[in-house]
Each structure stands twice: as C-alpha cells, then as structure tokens.
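Chemist: Turn this into a structure:
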Amino acid sequence: MGLYALVEKIKRNVETVDIASKSCDTAPDCGYIIEIDRAGAQADPGSLLEANSCVGVPVAIEYPGDPTNAQVRFMQNYINEMCENALSEKLFDYIDAQSFYNQFFYTQLSMNVDGYISSEYVFKNQGGKIIAGPQWDFNLAFGDNYEAQDVIAKTGRDPTQPDFGWMRYGVDPNEQLKTLGTMNPTFGWYVFLQNPSFLNGLICNYKNLRAFNMTNDRLMAIIDEGQAWLNLEGAADSFLTDIDNHVTALKNWTKARLAWMDANIDGYKGGLSSGHVCPEYTPPSEEELLSNCQMPRAGEPLQLNTPEA
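Modeler: Just a heads-up that it's a prediction; the model follows:
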C-alpha cells in the first residue's frame, strides 16, 4: 500500500491549537493564531498587523479569519506593548518564554533555513500570553539547504554541515540569504536576545533540554521509532532503497550538530550575564516525557477516534 504523509494546516481546534473561539466572553481578548511568513505580500490586508520596534515585519492574524477592526486593534496593541517592554523584566508578562526557548532549539538544531521568518506561528489564548509555535515546515532542514552554494561562495563555509554555525547570526540588515540574515525581520527575536534575562533563560533552558528532555539517547530513540514505519513491508518507495544508510546519516548529522551546539551555547550572543547561575531544574518524569511524544509505534495498531453519531 505504501507510506503516506497526512498533513493539515495549523488551525484552531482541540486537537491542534486549543484556544478560545473569537466570541469568548472576554472578547476581543480571545484566541488568536498569528503567522509570520512574508505576510505583507501574501496575506489578506485586513488581517495584517504592522511591524514595530521589535516585530520586524508585518504579520498576519490567521485565526480568527477575517478579523474585525476591534480584534486587529487588540492584537496590535498587545504586540506594541510587548515590544515596548521587550528589554525589561515585563517582557515575560507578554510571552511564554519557555516556548520561545524551545522554538530556538528546534530551529537551531535542525538548521531550518526557513526558521524565524517563514511558516512560523505564534498563538495566544484567552487572557494568556503569546506562545511560540506550533512547529511547522522543516523540509529545508537537517542539512538540506537550497542556499548552500551561495553561502559557500560568500563565506567559505558549508551550511549543510552540522558545524556551520548559528542560523541567522548575521549583522547586515540588507543580507538577503536566509542562512546569513539577521534576526531583524522576525517576531521579536532581534530585541528579545538583547534582554539579558531572556538570554539567560534561553541558554539555561537549552542546558536543561540536553540534560533531560533532549538527550542524544532520547533523540536517537525518536528517530528509530520513525524508521520502524519505513521498515514495514511495502512502506518505502523505489526512490528510497537504502533506508538504513539514510537513517544512519541523519543520526550522525544530528549528534554532530548537538555536539557543536553544546560546545558553543555558552557564547551565544555573549552568553550568560556575569554571575548568573542557571537555577536548579526539576526534570520531567518518564510518564510526562511519554505523554508528550505523540508518534505512534509501528508495531502497535492505530486507534482511530470516530465521532459519535
């Protein structure tokens, strides 16, 4: 029968982005999904939010569709206030910082060419903070970089290799290559990373992930679970006959990328503030880890939930 990829768009419902509807009892402070994806050229002008002091490009309200003027004003004001406080401790009143830290990890680990500026989402629930995610669009990642030759010609370094360096670590605001660009045209990152408290949390969160949630062994186990599907009879097509070699290459690339990040995270954007010590971290239990890993196992039958008649 073959192997099929079933894909759906980011949208509001209890199974994907579980946020309040646009008509909640505290309207217009209800549920919002915002997309960062060259929105100025692609989105309905009625859904656009203006760039400001820390959000470097117009972004689009994806949910609710066809937002009212009141909804647009509410989110614009919220983002403006977030940016006005982006260099202070009050930033954390507006964003769920850990979700942004995790977003950093996913983007930098995978070396996602589109990271931070394309197919990027944030969302906000009723009365809540802005949360980074859901994660989306990783086809140009893990060593697949369509800008590779241009980057090599400009820098002499190969962005398909795991030790290339940090993505979007440039200083030239006119740089057009995504790999070498700055954080200016992103949702807050350029300014957030100038906030010492945000940077401290980012680096400490990375160390926590590597020590508990994202160890080499756990990541390799996740890759193995994915390979199990490819090994099912009839799963692989005729264009991918050397699955084991591809998986081995992915594992080696991922471990090498993690090793590079481990060696360089302490110096990212200048590193931890002088004297700052990462707070003690309580790791998740095995049950919590398993509940957050949604990949079904190839050897177990799929359980499909069907709506009641």
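Chemist: what sits against the closest residue to Arg257 other than its chain neighbours?
Modeler: Spatial nearest neighbour of Arg257, chain neighbours left out: Pro162 (3.6 Å); criterion: CB to CB, 6 or more residues apart in numbering. From N, CA and C alone the C-beta is placed, and that goes for glycine too. Residues near Pro162 by CB atoms under 8 Å, 6 or more residues apart in numbering: Met111, Gly143, Trp253, Thr254, Ala256, Arg257, Ala259, Trp260.
Chemist: Ramachandran coordinates for Pro162?
Modeler: With angles defined as degrees, to the nearest 10, Pro162 sits at phi -70, psi -20.
Chemist: excluding its backbone neighbours, what's nearest the most centrally placed residue in the chain?
Modeler: Against the mean C-alpha coordinate of the chain, by CA atoms, centre = their mean, the closest residue is Gln103 at 3.5 Å. Spatial nearest neighbour of Gln103, excluding adjacent residues (CB to CB, 6+ apart): Ala132 at 4.1 Å.
Chemist: contacting residues around stretch 85-95?
Modeler: 53-54, 78, 81-82, 97, 129-132, 188, 191-192, 194-195, 197-198.
Chemist: List only buried entries from the residues you listed.
Modeler: Among these, the ones that count as buried by 16 or more other CB atoms under 10 Å are 54, 78, 82, 97, 129-132, 188, 191-192, 195, 197-198.
Chemist: so how far is stretch 171-185 from its chain's centroid?
Modeler: Taking CA atoms, centre = their mean, to the nearest Å, one finds the center of stretch 171-185 at 18 Å from the center of the full chain.
Chemist: actually stretch 132-151, not the one I wrote
Modeler: With CA atoms, centre = their mean, you get 11 Å for stretch 132-151.
Chemist: Stretch 279-289 now?
Modeler: Worked out by CA atoms, centre = their mean, stretch 279-289 lies 21 Å from the chain centre.
Chemist: Which positions in it come out as buried?
Modeler: Counting neighbours by 16+ other CB under 10 Å, stretch 279-289 gives no buried residue.
Chemist: Tell me how many other residues surround Leu240.
Modeler: As a burial measure, Leu240 scores 11 neighbours (other CB atoms under 10 Å).
Chemist: isn't it right next to Asn231, touching?
Modeler: No - using CB atoms under 8 Å, Leu240 is not in contact with Asn231, being 11.5 Å away.
Chemist: what would the buried ones among the contacts of stretch 85-95 look like in a markdown table with secondary structure, distance to Met220 and pLDDT?
Modeler: A markdown table is the format used below for the buried ones among the contacts of stretch 85-95 (DSSP: H, G, I helix; E, B strand; the rest coil; distance: CB to CB, whole Å; pLDDT from 0 to 100):
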| residue | secondary structure | distance to Met220 | pLDDT |
| --- | --- | --- | --- |
| Cys54 | coil | 37 | 97 |
| Tyr78 | helix | 41 | 98 |
| Met82 | helix | 38 | 98 |
| Ala97 | helix | 28 | 97 |
| Lys129 | coil | 33 | 98 |
| Ile130 | strand | 33 | 98 |
| Ile131 | strand | 28 | 98 |
| Ala132 | strand | 26 | 97 |
| Gly188 | coil | 33 | 97 |
| Val191 | helix | 36 | 98 |
| Phe192 | helix | 31 | 98 |
| Asn195 | coil | 34 | 98 |
| Ser197 | helix | 33 | 98 |
| Phe198 | helix | 31 | 98 |
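Chemist: which of those residues lies closest to Trp166?
Modeler: Phe192 (15.1 Å; CB to CB).
Chemist: so that closest one makes contact with Phe198?
Modeler: Yes - between Phe192 and Phe198 there is a contact under CB under 8 Å: 4.9 Å.
Chemist: intersection of neighbour lists for these two?
Modeler: Listed as contacting both Phe192 and Phe198 by CB under 8 Å, 6+ apart are Leu91, Phe100.
Chemist: Run the chain-centre distance for the strand or helix carrying Asp150.
Modeler: Asp150 is part of helix 148-155, with elements assigned from DSSP states H and E. Relative to its chain's centre, helix 148-155 lies at 25 Å (CA atoms, centre = their mean).
Chemist: Next, the buried residues of that helix.
Modeler: Those would be Ala148, Val151, for helix 148-155 by 16+ other CB under 10 Å.
Chemist: ok, residues contacting that helix?
Modeler: Asn145, Arg157, Asp158, Pro159, Thr160, Leu177, Thr179, Leu180.
Chemist: the helices in the stretch 1-150 of the chain, which residues?
Modeler: Per DSSP state H, counting those that start in this stretch, the stretch 1-150 of the chain carries helices over the ranges 39-42, 69-84, 97-110, 148-155.
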